[in-house]
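# I would like to see how this sequence folds:
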Amino acid sequence: MTEAAPFSTGDLRQRAETLGQSLPPLLAEAELLASTIMLGEHGRRRAGQGDEFWQYRPTHAGDSARMIDWRRSARSDATFVREREWQAAQSVTLWVDPAKSMAFAGAKGRVTKGDRARLLAMALAVLLLRGGERVGLAGGGVPPRPGRGQLLRLLQALEGDATADYGTPEAGGIASHGRAVFLSDFMGDLTGVEAALGRASDRGARGVLLQVLDPAEEEFPFDGRTIFESMGGTLRHETLRAGDLRARYLARLAERKDRLAALARAVGWHYHCHHTGDAAQPALLWLYRALEGGR
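Next comes the predicted model:
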């Protein structure tokens, strides 16, 4: 797949003006959400290659004499090593499920699963790009790049219309030994999820699965005559006693969650379930920390 050419500053300004009334509010909301997260020292900070001073630490067995900072050590009875900050930027690839199932909202006024997933993805991108990381979208359309200008590329790519009822994660574009985030309801065939995780793992990538569900999908508040229909209209089931299905549905949902957690665990990834009825901030903090812990 041919890599898209970088946008010039003029292109980005024109695209931002063209996006006008639809996508910029998402970016503003994402910026606001990201600003509520108090991260303290950035997660990338640890000893390693770099030019910036990080900390002094006592010498350990195996440290050579040339590693010792003799000026700092002269002020103490112990000897110290001067450590530099590790500054290698990571490539983080996002996949946000574009399927029709993500348009579901179980109550009037509640955010859809797709809107919440896009908000979390953009807010996470804001945090990562602020920290000097490279962020892109899976599938190869938006390769990982640094800088605030990348936010507009991500916004434009997330604007596409849904085609399938249920989504399948894409592993294309995930950098070797990079990081990846899959955001979806994962209500479709899990074979595709397993395959994508396998491809990502083969490239040495680590990451997270964030399952986004509506509270109605967790509670199954249906009874009596009910018509169940997929968001795309391809699946339909009518029953006169919906309440009789509750126990079986909840058991299958629990099995699906366990399966997702097991698939993630098998390749060293993390799994978490987030509900659209809950605040977005805890989910964003979990995402950031899960990526940080995967280093």
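# tell me how many other residues surround G172.
For G172, the neighbour count with other CB atoms under 10 Å is 14. Backbone N, C-alpha and C define where each C-beta goes, glycine included.
# and it, that's in a strand?
No. Assigned with DSSP: H, G, I helix; E, B strand; the rest coil, G172 falls outside any strand and is coil.
# output the contacting helices and strands for the biggest strand by length in the chain.
Taking DSSP state E as the criterion, the chain has its longest strand at strand 206-213. On a contact count with 3 or more CB pairs under 8 Å, 6 or more residues apart in numbering; DSSP states H and E, strand 206-213 meets helix 113-130, strand 179-184, helix 246-266, strand 270-275, helix 280-293.
# what about the nearest residue to G268 once chain neighbours are set aside, distance to P169?
Among residues not flanking G268 along the chain, R206 sits closest, at 5.5 Å (CB to CB, 6 or more residues apart in numbering). For R206, the distance to P169 equals 15 Å [CB to CB, to the nearest Å].
# higher neighbour count, these two?
P169 (24 against 20).
# distance check, that one against A78.
From P169 to A78 the distance is 51 Å (CB to CB).
# so Q281 touches S35, yeah?
No. With contact defined as CB atoms under 8 Å, Q281 does not reach S35; the gap is 10.5 Å.
# hmm, which helix or strand of this structure has the shakiest average pLDDT?
In the chain, no helix or strand scores lower on mean pLDDT, DSSP states H and E than helix 9-19, which sits at a mean of 49.
# quick check: angle from the helix or strand just after that helix to helix 280-293?
The helix or strand immediately downstream of helix 9-19 is helix 24-35, counting by DSSP states H and E. Orientation check (axes from the mean of the first three to the mean of the last three CA atoms, to 10 degrees): helix 24-35 against helix 280-293 gives 70 degrees.
# residue ranges with poor pLDDT in this protein?
1-24, 38-54, 62, 83-89, 140, 227-234, 237-238, 240, 293-295 (pLDDT under 70).
# at 50 instead, please
For the chain, the stretches flagged by pLDDT under 50 are 1-7, 9, 12-13, 16-17, 19-23, 40-51, 85-87, 294-295.
# which residues touch the residue minimising distance to the centre of it?
The residue lying closest to the centre of the chain (CA atoms, centre = their mean) is V181, at 3.6 Å. Taking CB atoms under 8 Å, 6 or more residues apart in numbering as the contact definition, V181 lies against 92-95, 121, 124, 207-208, 210, 287, 291.
# one more pass at 6 Å, please.
94, 207-208 (CB atoms under 6 Å, 6 or more residues apart in numbering).
# out of those, who's the most crowded?
L94 (29 neighbours).
# and that residue, how close does it get to M67?
L94 is 39 Å from M67, by CB to CB.
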